[in-house]
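Asker: sequence unknown, structure follows:
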(Lines give C-alpha, C1' and ligand atoms only; values in the text may rest on other atoms or scores of the structure.)
Protein backbone atom coordinates (compact mmCIF):
# COMPACT_ATOMS: atom_id res chain seq x y z
CA UNK A 1 0.00 0.00 0.00
CA UNK A 2 2.70 2.48 0.99
CA UNK A 3 5.60 3.03 -1.40
CA UNK A 4 9.18 2.34 -0.15
CA UNK A 5 9.94 6.07 0.25
CA UNK A 6 7.16 6.50 2.77
CA UNK A 7 8.12 3.30 4.56
CA UNK A 8 11.68 4.65 4.90
CA UNK A 9 10.37 7.92 6.28
CA UNK A 10 8.50 6.13 9.03
CA UNK A 11 11.19 3.53 9.72
CA UNK A 12 13.92 6.15 10.01
CA UNK A 13 12.29 7.32 13.23
CA UNK A 14 12.40 3.94 14.94
CA UNK A 15 15.01 2.63 17.37
CA UNK A 16 17.54 0.08 16.18
CA UNK A 17 16.05 -2.86 18.07
CA UNK A 18 12.66 -2.36 16.43
CA UNK A 19 14.26 -2.05 13.00
CA UNK A 20 16.14 -5.31 13.40
CA UNK A 21 12.85 -6.99 14.20
CA UNK A 22 11.01 -5.38 11.29
CA UNK A 23 13.54 -6.79 8.83
CA UNK A 24 11.39 -9.91 9.16
CA UNK A 25 8.14 -8.26 8.07
CA UNK A 26 8.80 -8.84 4.40
CA UNK A 27 11.60 -8.75 1.87
CA UNK A 28 11.13 -5.15 0.77
CA UNK A 29 11.28 -3.93 4.35
CA UNK A 30 14.45 -5.93 4.87
CA UNK A 31 16.17 -4.45 1.86
CA UNK A 32 15.11 -0.93 2.91
CA UNK A 33 16.47 -1.40 6.42
CA UNK A 34 19.70 -2.97 5.20
CA UNK A 35 20.26 -0.30 2.57
CA UNK A 36 23.14 2.17 2.75
CA UNK A 37 20.96 5.23 2.11
CA UNK A 38 18.66 4.18 4.93
CA UNK A 39 21.63 4.09 7.32
CA UNK A 40 22.28 7.73 6.46
CA UNK A 41 18.62 8.72 6.73
CA UNK A 42 18.27 7.00 10.08
CA UNK A 43 21.43 8.58 11.45
CA UNK A 44 20.27 11.99 10.32
CA UNK A 45 16.93 11.51 12.07
CA UNK A 46 18.68 10.25 15.19
CA UNK A 47 20.90 13.28 15.32
CA UNK A 48 18.23 15.86 14.69
CA UNK A 49 15.33 14.61 16.74
CA UNK A 50 17.00 14.04 20.09
CA UNK A 51 15.08 10.89 20.70
CA UNK A 52 16.38 7.43 21.54
CA UNK A 53 19.54 8.95 22.91
CA UNK A 54 21.37 7.11 25.65
CA UNK A 55 24.14 7.76 28.04
CA UNK A 56 26.84 5.12 27.99
CA UNK A 57 28.96 4.90 31.08
CA UNK A 58 32.18 2.99 31.11
CA UNK A 59 33.92 1.81 34.20
CA UNK A 60 36.06 -1.12 35.22
CA UNK A 61 33.03 -2.95 36.45
CA UNK A 62 31.26 -2.78 33.18
CA UNK A 63 29.38 -0.73 30.66
CA UNK A 64 26.00 0.77 31.36
CA UNK A 65 23.45 2.45 29.21
CA UNK A 66 20.85 4.91 30.44
CA UNK A 67 18.00 5.95 28.22
CA UNK A 68 17.96 9.72 28.21
CA UNK A 69 14.29 9.89 27.30
CA UNK A 70 13.00 7.99 30.28
CA UNK A 71 16.00 8.18 32.65
CA UNK A 72 14.73 5.49 34.91
CA UNK A 73 17.37 2.82 35.05
CA UNK A 74 20.89 1.96 34.05
CA UNK A 75 21.21 -1.23 32.09
CA UNK A 76 24.35 -3.25 32.10
CA UNK A 77 25.46 -3.81 28.55
CA UNK A 78 27.59 -6.62 27.33
CA UNK A 79 30.86 -5.45 25.90
CA UNK A 80 31.39 -6.64 22.37
CA UNK A 81 33.99 -9.32 22.92
CA UNK A 82 33.51 -10.61 26.40
CA UNK A 83 36.65 -12.66 26.65
CA UNK A 84 38.89 -9.59 26.66
CA UNK A 85 39.14 -7.39 29.71
CA UNK A 86 38.05 -4.06 28.37
CA UNK A 87 38.51 -1.18 30.70
CA UNK A 88 38.42 1.82 28.51
CA UNK A 89 36.12 3.43 26.00
CA UNK A 90 36.87 6.24 23.60
CA UNK A 91 34.83 9.28 22.65
CA UNK A 92 31.66 8.45 20.82
CA UNK A 93 31.10 9.32 17.22
CA UNK A 94 27.63 8.98 15.71
CA UNK A 95 26.79 6.43 18.35
CA UNK A 96 29.84 4.24 17.71
CA UNK A 97 32.58 3.81 20.26
CA UNK A 98 35.93 2.15 20.59
CA UNK A 99 36.51 -0.28 23.37
CA UNK A 100 40.11 -0.73 24.39
CA UNK A 101 42.11 -2.78 26.78
CA UNK A 102 45.81 -3.39 26.74
CA UNK A 103 47.53 -1.05 24.28
CA UNK A 104 49.17 -4.05 22.68
CA UNK A 105 45.78 -5.55 21.87
CA UNK A 106 43.89 -4.05 18.94
CA UNK A 107 40.80 -2.05 19.98
CA UNK A 108 37.29 -3.00 19.03
CA UNK A 109 34.99 -0.69 17.11
CA UNK A 110 31.52 -1.14 18.47
CA UNK A 111 27.97 -0.16 17.64
CA UNK A 112 26.39 -0.88 21.02
CA UNK A 113 22.77 -0.55 19.93
CA UNK A 114 23.10 -2.69 16.88
CA UNK A 115 25.29 -5.06 18.90
CA UNK A 116 27.75 -5.37 16.09
CA UNK A 117 31.46 -4.93 16.43
CA UNK A 118 34.67 -5.10 14.50
CA UNK A 119 38.06 -5.99 15.89
CA UNK A 120 40.53 -3.67 14.25
CA UNK A 121 43.52 -5.21 12.54
CA UNK A 122 46.72 -5.41 14.45
CA UNK A 123 49.00 -2.42 14.22
CA UNK A 124 52.04 -3.18 16.30
CA UNK A 125 53.57 -0.11 17.86
CA UNK A 126 56.96 0.49 16.32
CA UNK A 127 59.59 1.97 18.53
CA UNK A 128 61.43 4.62 16.50
CA UNK A 129 64.71 4.26 18.45
CA UNK A 130 66.24 2.00 21.10
CA UNK A 131 66.02 2.69 24.85
CA UNK A 132 62.55 4.13 24.60
CA UNK A 133 59.49 3.13 26.46
CA UNK A 134 55.82 3.74 25.80
CA UNK A 135 54.46 6.48 27.98
CA UNK A 136 51.04 6.91 26.46
CA UNK A 137 48.69 5.37 23.98
CA UNK A 138 45.30 6.90 23.42
CA UNK A 139 42.58 6.59 20.83
CA UNK A 140 39.96 8.77 19.27
CA UNK A 141 37.11 7.94 16.92
CA UNK A 142 36.02 10.27 14.18
CA UNK A 143 33.91 10.47 11.05
CA UNK A 144 35.16 11.74 7.71
CA UNK A 145 32.00 13.02 6.05
CA UNK A 146 33.64 13.69 2.72
CA UNK A 147 34.55 10.05 2.30
CA UNK A 148 31.77 8.59 4.45
CA UNK A 149 34.43 6.80 6.47
CA UNK A 150 34.90 6.20 10.16
CA UNK A 151 38.48 6.69 11.31
CA UNK A 152 40.33 5.70 14.44
CA UNK A 153 43.20 7.91 15.54
CA UNK A 154 45.91 6.42 17.70
CA UNK A 155 48.40 8.72 19.40
CA UNK A 156 51.49 7.18 20.89
CA UNK A 157 54.09 8.85 23.07
CA UNK A 158 57.54 7.60 23.83
CA UNK A 159 59.81 8.60 26.67
CA UNK A 160 63.39 7.81 27.51
CA UNK A 161 63.81 4.62 29.50
CA UNK A 162 66.21 6.35 31.85
CA UNK A 163 64.99 9.90 32.31
CA UNK A 164 61.29 9.30 31.57
CA UNK A 165 61.30 12.56 29.67
CA UNK A 166 59.18 12.76 26.56
CA UNK A 167 61.14 11.94 23.44
CA UNK A 168 58.68 11.79 20.58
CA UNK A 169 55.10 11.13 19.52
CA UNK A 170 53.49 9.33 16.65
CA UNK A 171 49.97 9.37 15.28
CA UNK A 172 48.34 6.75 13.15
CA UNK A 173 44.97 6.61 11.50
CA UNK A 174 42.86 3.60 10.75
CA UNK A 175 40.24 3.87 8.03
CA UNK A 176 37.24 1.59 8.30
CA UNK A 177 36.66 1.77 4.57
CA UNK A 178 40.22 0.77 3.71
CA UNK A 179 40.58 -1.42 6.79
CA UNK A 180 44.19 -0.29 7.24
CA UNK A 181 46.43 1.90 9.37
CA UNK A 182 48.54 4.84 8.18
CA UNK A 183 51.10 7.12 9.83
CA UNK A 184 50.40 10.86 10.08
CA UNK A 185 52.82 13.70 10.86
CA UNK A 186 52.36 15.03 14.36
CA UNK A 187 52.73 18.47 15.91
CA UNK A 188 55.87 18.98 17.91
CA UNK A 189 54.22 20.75 20.82
CA UNK A 190 52.02 17.79 21.57
CA UNK A 191 54.59 16.51 23.95
CA UNK A 192 53.16 14.74 26.90
CA UNK A 193 50.26 17.11 27.31
CA UNK A 194 47.36 15.12 25.94
CA UNK A 195 45.71 12.16 27.50
CA UNK A 196 42.59 11.58 25.60
CA UNK A 197 40.48 12.81 22.73
CA UNK A 198 37.34 14.22 24.26
CA UNK A 199 34.90 15.55 21.76
CA UNK A 200 34.22 14.79 18.13
CA UNK A 201 32.51 17.62 16.32
CA UNK A 202 32.85 19.29 12.93
CA UNK A 203 34.81 16.33 11.64
CA UNK A 204 37.55 16.76 14.20
CA UNK A 205 38.64 15.37 17.53
CA UNK A 206 39.32 17.84 20.30
CA UNK A 207 41.13 17.84 23.60
CA UNK A 208 42.42 20.37 26.08
CA UNK A 209 46.12 20.81 26.16
CA UNK A 210 48.62 22.85 28.05
CA UNK A 211 50.23 25.27 25.66
CA UNK A 212 53.88 24.44 26.20
CA UNK A 213 54.99 27.15 23.80
CA UNK A 214 54.33 29.51 26.70
CA UNK A 215 57.55 30.10 28.52
CA UNK A 216 56.09 32.18 31.34
CA UNK A 217 54.90 30.87 34.66
CA UNK A 218 51.22 31.36 34.00
CA UNK A 219 49.89 28.21 32.48
CA UNK A 220 47.81 28.57 29.43
CA UNK A 221 45.64 26.07 27.72
CA UNK A 222 44.49 25.61 24.20
CA UNK A 223 42.20 23.26 22.41
CA UNK A 224 44.07 20.87 20.21
CA UNK A 225 42.03 19.59 17.33
CA UNK A 226 42.70 16.87 14.81
CA UNK A 227 40.74 16.90 11.59
CA UNK A 228 39.82 13.39 10.70
CA UNK A 229 39.07 14.38 7.13
CA UNK A 230 42.24 16.34 6.38
CA UNK A 231 44.38 14.34 8.81
CA UNK A 232 46.03 17.41 10.28
CA UNK A 233 46.26 19.15 13.65
CA UNK A 234 45.19 22.68 14.44
CA UNK A 235 44.70 24.71 17.60
CA UNK A 236 41.87 26.83 18.91
CA UNK A 237 41.80 29.32 21.74
CA UNK A 238 39.80 29.04 24.92
CA UNK A 239 37.53 31.93 25.97
CA UNK A 240 39.75 34.96 26.58
CA UNK A 241 40.81 35.94 30.08
CA UNK A 242 39.29 33.08 31.95
CA UNK A 243 40.85 31.80 35.13
CA UNK A 244 42.75 28.59 34.51
CA UNK A 245 44.77 28.39 37.72
CA UNK A 246 43.35 25.71 40.04
CA UNK A 247 40.42 25.24 37.78
CA UNK A 248 39.32 21.87 36.55
CA UNK A 249 38.33 22.15 32.91
CA UNK A 250 36.60 19.79 30.58
CA UNK A 251 35.49 19.90 26.97
CA UNK A 252 31.96 18.87 26.19
CA UNK A 253 29.56 18.96 23.33
CA UNK A 254 26.38 20.96 23.67
CA UNK A 255 23.86 20.94 20.83
CA UNK A 256 26.60 20.53 18.26
CA UNK A 257 28.82 23.26 19.72
CA UNK A 258 32.07 22.94 21.61
CA UNK A 259 31.50 23.64 25.25
CA UNK A 260 33.96 24.29 28.06
CA UNK A 261 33.01 23.45 31.61
CA UNK A 262 35.21 25.00 34.31
CA UNK A 263 34.94 24.12 37.97
CA UNK A 264 36.82 26.39 40.30
CA UNK A 265 37.87 26.21 43.94
CA UNK A 266 34.51 27.35 45.17
CA UNK A 267 32.79 24.57 43.35
CA UNK A 268 31.22 26.92 40.91
CA UNK A 269 30.85 25.66 37.39
CA UNK A 270 31.07 28.09 34.54
CA UNK A 271 29.92 26.85 31.21
CA UNK A 272 31.12 28.44 28.00
CA UNK A 273 29.92 27.65 24.53
CA UNK A 274 31.69 28.36 21.25
CA UNK A 275 28.60 29.31 19.30
CA UNK A 276 30.38 29.44 15.98
CA UNK A 277 32.96 26.78 15.42
CA UNK A 278 36.46 28.14 15.09
CA UNK A 279 35.42 31.72 15.84
CA UNK A 280 37.10 32.67 19.10
CA UNK A 281 34.97 35.75 19.51
CA UNK A 282 31.91 33.54 19.63
CA UNK A 283 32.79 32.04 23.01
CA UNK A 284 29.79 32.91 25.17
CA UNK A 285 29.31 32.28 28.81
CA UNK A 286 26.19 30.20 29.00
CA UNK A 287 25.60 29.74 32.66
CA UNK A 288 27.09 29.70 36.04
CA UNK A 289 26.05 26.94 38.39
CA UNK A 290 26.68 27.38 42.08
CA UNK A 291 27.82 24.65 44.46
CA UNK A 292 27.73 21.75 44.46
CA UNK A 293 29.83 21.55 41.36
CA UNK A 294 28.48 19.70 38.43
CA UNK A 295 29.95 16.33 37.98
CA UNK A 296 28.77 15.54 34.65
CA UNK A 297 27.17 17.51 31.95
CA UNK A 298 25.20 16.10 29.15
CA UNK A 299 22.84 17.52 26.67
CA UNK A 300 22.51 14.42 24.67
CA UNK A 301 26.17 15.04 24.32
CA UNK A 302 29.16 14.14 26.35
CA UNK A 303 29.55 13.73 30.03
CA UNK A 304 32.39 15.00 32.15
CA UNK A 305 34.14 13.57 35.15
CA UNK A 306 32.72 13.04 38.58
CA UNK A 307 32.90 14.77 41.90
CA UNK A 308 31.09 14.31 45.12
CA UNK A 309 28.01 16.13 46.17
CA UNK A 310 28.33 18.27 49.27
CA UNK A 311 25.35 20.50 49.70
CA UNK A 312 21.88 20.92 48.33
CA UNK A 313 21.37 22.33 44.91
CA UNK A 314 21.26 26.03 44.52
CA UNK A 315 20.00 28.52 42.05
CA UNK A 316 21.67 28.78 38.71
CA UNK A 317 22.15 31.90 36.69
CA UNK A 318 21.24 31.64 33.10
CA UNK A 319 22.42 33.89 30.34
CA UNK A 320 20.12 34.79 27.54
CA UNK A 321 20.51 34.18 23.89
CA UNK A 322 21.15 30.50 23.65
CA UNK A 323 18.42 27.90 23.55
CA UNK A 324 19.27 25.39 26.19
CA UNK A 325 16.05 24.54 27.93
CA UNK A 326 16.16 20.90 28.77
CA UNK A 327 19.88 20.75 29.38
CA UNK A 328 20.52 17.68 31.44
CA UNK A 329 23.23 17.42 34.05
CA UNK A 330 24.41 14.16 35.43
CA UNK A 331 26.23 13.62 38.65
CA UNK A 332 27.17 10.75 40.85
CA UNK A 333 26.97 10.85 44.63
CA UNK A 334 28.64 8.77 47.32
CA UNK A 335 25.91 6.20 47.22
CA UNK A 336 26.71 5.58 43.57
CA UNK A 337 23.44 7.08 42.53
CA UNK A 338 23.28 8.84 39.24
CA UNK A 339 21.31 12.00 39.55
CA UNK A 340 19.91 13.59 36.48
CA UNK A 341 18.92 17.18 36.69
CA UNK A 342 17.04 18.95 34.00
CA UNK A 343 17.11 22.71 33.88
CA UNK A 344 13.85 24.54 33.81
CA UNK A 345 13.87 28.26 34.53
CA UNK A 346 16.28 28.83 37.36
CA UNK A 347 16.00 25.65 39.29
CA UNK A 348 17.12 22.16 38.60
CA UNK A 349 14.86 19.23 39.15
CA UNK A 350 16.53 15.95 39.94
CA UNK A 351 15.71 12.40 39.24
CA UNK A 352 17.74 9.61 40.70
CA UNK A 353 18.84 6.49 38.91
CA UNK A 354 20.58 3.86 40.94
CA UNK A 355 23.58 2.28 39.31
CA UNK A 356 24.94 -0.58 41.31
CA UNK A 357 28.51 -1.54 40.97
CA UNK A 358 29.59 1.59 39.20
CA UNK A 359 32.91 2.60 40.62
CA UNK A 360 34.61 5.93 40.69
CA UNK A 361 36.25 7.28 38.74
CA UNK A 362 34.59 6.61 35.47
CA UNK A 363 37.11 5.49 32.97
CA UNK A 364 35.17 7.20 30.28
CA UNK A 365 31.64 8.41 29.84
CA UNK A 366 29.95 9.12 26.63
CA UNK A 367 26.50 9.37 25.30
CA UNK A 368 25.46 7.86 22.07
CA UNK A 369 22.56 7.76 19.78
CA UNK A 370 21.40 4.82 17.83
CA UNK A 371 22.43 4.15 14.33
CA UNK A 372 22.46 1.35 11.87
CA UNK A 373 25.96 1.32 10.45
CA UNK A 374 27.33 -2.18 10.22
CA UNK A 375 31.01 -2.50 10.86
CA UNK B 1 -8.48 42.07 -2.59
CA UNK B 2 -4.98 43.37 -2.92
CA UNK B 3 -2.74 41.53 -0.46
CA UNK B 4 -1.85 37.88 -1.04
CA UNK B 5 -3.27 36.96 2.36
CA UNK B 6 -6.74 37.37 1.01
CA UNK B 7 -6.16 35.44 -2.19
CA UNK B 8 -8.05 32.20 -2.25
CA UNK B 9 -7.50 28.98 -4.09
CA UNK B 10 -9.89 26.20 -4.95
CA UNK B 11 -8.65 22.66 -4.45
CA UNK B 12 -10.54 19.77 -5.99
CA UNK B 13 -10.30 16.28 -4.56
CA UNK B 14 -10.15 13.10 -6.62
CA UNK B 15 -13.88 12.59 -6.00
CA UNK B 16 -14.65 16.05 -7.37
CA UNK B 17 -15.37 17.90 -4.16
CA UNK B 18 -14.14 21.49 -4.08
CA UNK B 19 -12.53 23.24 -1.14
CA UNK B 20 -11.77 26.93 -0.85
CA UNK B 21 -8.55 27.73 1.01
CA UNK B 22 -6.45 30.82 1.60
CA UNK B 23 -3.42 30.89 -0.68
CA UNK B 24 -1.23 31.75 2.28
CA UNK B 25 -2.23 28.51 4.01
CA UNK B 26 -2.07 26.38 0.89
CA UNK B 27 1.50 27.30 0.00
CA UNK B 28 2.72 25.27 2.97
CA UNK B 29 2.28 22.48 0.44
CA UNK B 30 5.25 22.92 -1.83
CA UNK B 31 3.43 21.26 -4.73
CA UNK B 32 0.82 24.02 -4.58
CA UNK B 33 3.40 26.70 -3.88
CA UNK B 34 5.28 25.76 -7.03
CA UNK B 35 2.12 26.00 -9.09
CA UNK B 36 1.41 29.46 -7.68
CA UNK B 37 4.93 30.69 -8.26
CA UNK B 38 5.01 29.35 -11.79
CA UNK B 39 1.66 30.97 -12.38
CA UNK B 40 0.22 27.62 -13.41
CA UNK B 41 -2.74 27.81 -11.14
CA UNK B 42 -5.82 26.45 -12.75
CA UNK B 43 -9.19 27.05 -11.27
CA UNK B 44 -9.78 24.73 -9.42
CA UNK B 45 -6.50 22.88 -8.78
CA UNK B 46 -7.15 19.18 -9.31
CA UNK B 47 -5.56 16.86 -6.74
CA UNK B 48 -5.98 13.48 -8.37
CA UNK B 49 -4.39 11.51 -5.56
CA UNK B 50 -6.30 12.88 -2.60
CA UNK B 51 -9.92 12.09 -1.80
CA UNK B 52 -12.28 14.53 -0.08
CA UNK B 53 -12.12 12.93 3.35
CA UNK B 54 -8.33 13.15 3.47
CA UNK B 55 -8.18 16.55 1.80
CA UNK B 56 -10.53 17.99 4.40
CA UNK B 57 -8.17 16.78 7.13
CA UNK B 58 -5.10 18.14 5.37
CA UNK B 59 -6.82 21.50 5.03
CA UNK B 60 -7.73 21.47 8.72
CA UNK B 61 -4.06 20.93 9.63
CA UNK B 62 -2.83 23.39 7.05
CA UNK B 63 -5.08 26.21 8.24
CA UNK B 64 -4.25 25.64 11.89
CA UNK B 65 -0.55 25.77 11.22
CA UNK B 66 -0.86 28.89 9.09
CA UNK B 67 -2.50 30.84 11.91
CA UNK B 68 0.04 33.37 13.08
CA UNK B 69 -1.83 34.07 16.31
CA UNK B 70 -1.26 30.60 17.66
CA UNK B 71 1.82 29.77 19.71
CA UNK B 72 3.99 26.72 19.01
CA UNK B 73 2.68 24.91 22.06
CA UNK B 74 -0.91 25.54 20.98
CA UNK B 75 -0.07 24.09 17.58
CA UNK B 76 1.54 21.10 19.29
CA UNK B 77 -1.61 20.56 21.34
CA UNK B 78 -3.64 20.61 18.14
CA UNK B 79 -1.24 18.09 16.58
CA UNK B 80 -1.64 15.70 19.50
CA UNK B 81 -5.41 15.68 19.01
CA UNK B 82 -5.19 15.65 15.23
CA UNK B 83 -3.24 12.40 15.13
CA UNK B 84 -5.76 10.51 17.23
CA UNK B 85 -7.09 8.70 14.21
CA UNK B 86 -7.20 5.12 13.00
CA UNK B 87 -3.84 3.92 11.70
CA UNK B 88 -5.21 3.52 8.18
CA UNK B 89 -6.16 7.18 8.09
CA UNK B 90 -2.68 8.15 9.23
CA UNK B 91 -1.18 6.17 6.36
CA UNK B 92 -3.54 7.79 3.87
CA UNK B 93 -2.64 11.20 5.26
CA UNK B 94 1.02 10.36 4.82
CA UNK B 95 0.41 9.59 1.16
CA UNK B 96 -1.41 12.89 0.77
CA UNK B 97 1.25 14.86 2.63
CA UNK B 98 3.87 13.36 0.39
CA UNK B 99 1.91 14.09 -2.78
CA UNK B 100 1.37 17.68 -1.67
CA UNK B 101 4.93 17.96 -0.35
CA UNK B 102 3.73 19.21 3.03
CA UNK B 103 6.81 18.63 5.18
CA UNK B 104 5.39 19.67 8.53
CA UNK B 105 2.40 17.38 8.27
CA UNK B 106 4.64 14.57 7.05
CA UNK B 107 6.91 14.88 10.08
CA UNK B 108 4.04 14.91 12.56
CA UNK B 109 2.42 11.87 10.94
CA UNK B 110 5.60 9.82 10.58
CA UNK B 111 6.66 10.53 14.15
CA UNK B 112 3.24 9.47 15.37
CA UNK B 113 3.27 6.24 13.41
CA UNK B 114 6.80 5.45 14.54
CA UNK B 115 5.89 6.02 18.18
CA UNK B 116 2.93 3.67 17.88
CA UNK B 117 4.91 1.01 16.03
CA UNK B 118 7.93 0.89 18.29
CA UNK B 119 6.92 -2.21 20.22
CA UNK B 120 4.85 -3.97 17.60
CA UNK B 121 5.48 -7.53 16.67
CA UNK B 122 6.18 -8.50 13.09
CA UNK B 123 2.65 -9.90 12.76
CA UNK B 124 1.06 -6.65 13.96
CA UNK B 125 3.03 -4.69 11.39
CA UNK B 126 1.86 -6.96 8.60
CA UNK B 127 -1.74 -6.63 9.72
CA UNK B 128 -1.74 -2.86 10.10
CA UNK B 129 0.11 -2.25 6.84
CA UNK B 130 -1.80 -4.94 5.02
CA UNK B 131 1.39 -6.67 3.95
CA UNK B 132 1.70 -10.17 2.64
CA UNK B 133 4.64 -12.05 4.04
CA UNK B 134 6.83 -13.05 1.10
CA UNK B 135 9.42 -14.95 3.11
CA UNK B 136 9.46 -18.71 3.08
CA UNK B 137 9.29 -20.37 6.49
CA UNK B 138 13.03 -21.12 6.41
CA UNK B 139 13.92 -17.61 5.27
CA UNK B 140 11.93 -15.99 8.03
CA UNK B 141 13.45 -18.29 10.62
CA UNK B 142 16.92 -17.40 9.40
CA UNK B 143 16.15 -13.68 9.43
CA UNK B 144 14.88 -13.88 13.01
CA UNK B 145 17.91 -15.86 14.08
CA UNK B 146 20.23 -13.08 12.92
CA UNK B 147 19.17 -10.83 15.78
CA UNK B 148 17.30 -12.93 18.33
CA UNK B 149 17.61 -10.30 21.07
CA UNK B 150 15.46 -7.92 19.03
CA UNK B 151 12.46 -10.18 19.65
CA UNK B 152 12.69 -10.16 23.43
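Answerer: Nice, thanks for sending it over. Just so it is clear, the model here is predicted, and its values are computed rather than measured.
Asker: And for residue 28, the neighbour number?
Answerer: The chain I'm using is chain A. 13 (other CB atoms under 10 Å in any protein chain shown). Every residue, glycine included, has its C-beta placed from N, CA and C.
Asker: Let me rephrase: I mean chain B.
Answerer: Residue B:28: 20 neighbours (other CB under 10 Å).
Asker: shouldn't it be in contact with residue B:65?
Answerer: Yes: contact status for residue B:28 versus residue B:65: in contact at 6.5 Å, counting by CB atoms under 8 Å.
Asker: Overlap of the contact sets of the two?
Answerer: With contacts taken as CB atoms under 8 Å, 6 or more residues apart in numbering or on different chains, the residues that reach both residue B:28 and residue B:65 are residue B:104.
Asker: Next, residue B:83: phi, psi?
Answerer: Main-chain dihedrals, residue B:83, degrees, to the nearest 10: phi -80, psi 0.
Asker: Residue A:33 too?
Answerer: Dihedral angles (degrees, to the nearest 10) for residue A:33: phi -60, psi -40.
Asker: hang on, it packs against residue A:19?
Answerer: Yes: in this structure, residue A:33 is within contact of residue A:19 by CB under 8 Å, at 5.3 Å.
Asker: Give me the common contacts of the two.
Answerer: A:11, A:372.
Asker: Verify the assumption that residue B:109 is located in a helix.
Answerer: Yes: counting by DSSP: H, G, I helix; E, B strand; the rest coil, residue B:109 is part of a helix.
Asker: So which bits of the stretch 101-250 of chain A are right by chain B?
Answerer: Contact residues (CB under 8 Å from any CB of the partner chain) of the stretch 101-250 of chain A with chain B: residue A:115.
Asker: Swap in 10 Å and give it another go.
Answerer: Proximity of the stretch 101-250 of chain A to chain B (CB under 10 Å from any CB of the partner chain) is limited to residues A:114-116.
Asker: for the helix ranked longest in chain A, packing partners?
Answerer: Secondary structure of chain A per DSSP state H: the longest helix is helix A:36-49. On a contact count with 3 or more CB pairs under 10 Å, 6 or more residues apart in numbering or on different chains; DSSP states H and E, helix A:36-49 meets helix A:4-11, helix A:16-22, helix A:27-34, strand A:364-369, helix B:103-117.
Asker: Other residues contacting the helix or strand where residue B:139 lies?
Answerer: Assigned by DSSP states H and E, residue B:139 falls within helix B:137-146. Residues outside helix B:137-146 that contact it (CB atoms under 10 Å, 6 or more residues apart in numbering or on different chains) are A:20-21, A:23-27, A:30, B:122, B:133-136, B:150-151.
Asker: give me that answer again for 7 Å
Answerer: A:23-24, A:30, B:135, B:151 (CB atoms under 7 Å, 6 or more residues apart in numbering or on different chains).
Asker: Could you do stretch A:227-243 as well?
Answerer: Taking CB under 7 Å, 6+ apart as the rule, stretch A:227-243 contacts A:142-146, A:151, A:153, A:173, A:184, A:187, A:203-205, A:221-226, A:260, A:262, A:264, A:272, A:278, A:280, A:283.
Asker: out of the contacts of helix B:137-146, who has the most neighbours?
Answerer: residue A:24 leads the contacts of helix B:137-146 on contacts (other CB under 10 Å) with 28 neighbours.
Asker: Contacts only, for that one.
Answerer: B:122, B:140, B:143-144.
Asker: Could you turn the buried ones of these into a ChimeraX selection?
Answerer: This is how ChimeraX selects the buried members of the contacts of residue A:24, with burial counted by 16 or more other CB atoms under 10 Å in any protein chain shown:
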select /B:122,140,143,144
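Asker: near chain A, which residues of chain B?
Answerer: Within chain B, the residues that sit near chain A (CB under 7 Å from any CB of the partner chain) are B:91, B:94-95, B:98, B:106, B:110-111, B:113-114, B:117-118, B:122, B:125-126, B:129-131, B:133-135, B:140, B:143-144, B:147, B:149-151.
Asker: Drop anything exposed from the residues you listed.
Answerer: Using 16+ other CB under 10 Å as the burial test, the residues of chain B next to chain A include B:91, B:94-95, B:98, B:106, B:110-111, B:113-114, B:117, B:122, B:125-126, B:129, B:131, B:135, B:140, B:143-144, B:147, B:150 as buried.
Asker: neighbours of residue B:104, just the number please.
Answerer: 15.
Asker: For it, give me the pLDDT.
Answerer: Per-residue pLDDT puts residue B:104 at 94.
Asker: Just give the nearest non-adjacent residue to it, would you?
Answerer: residue B:65 (6.1 Å; CB to CB, 6 or more residues apart in numbering or on different chains).
Asker: my guess is that neighbour is in a helix, correct?
Answerer: Yes: according to three-state DSSP, residue B:65 belongs to a helix.
Asker: ok, it touching residue B:27?
Answerer: No: contact criterion CB atoms under 7 Å: residue B:65 and residue B:27 do not qualify, at 11.7 Å.
Asker: Looking at these two, which is more packed in?
Answerer: The neighbour comparison of residue B:65 against residue B:27 (other CB under 10 Å) goes to residue B:27, with 20 against 17.
Asker: contacting residues for residue A:257?
Answerer: So residue A:257 contacts A:273-275 (CB under 7 Å, 6+ apart).
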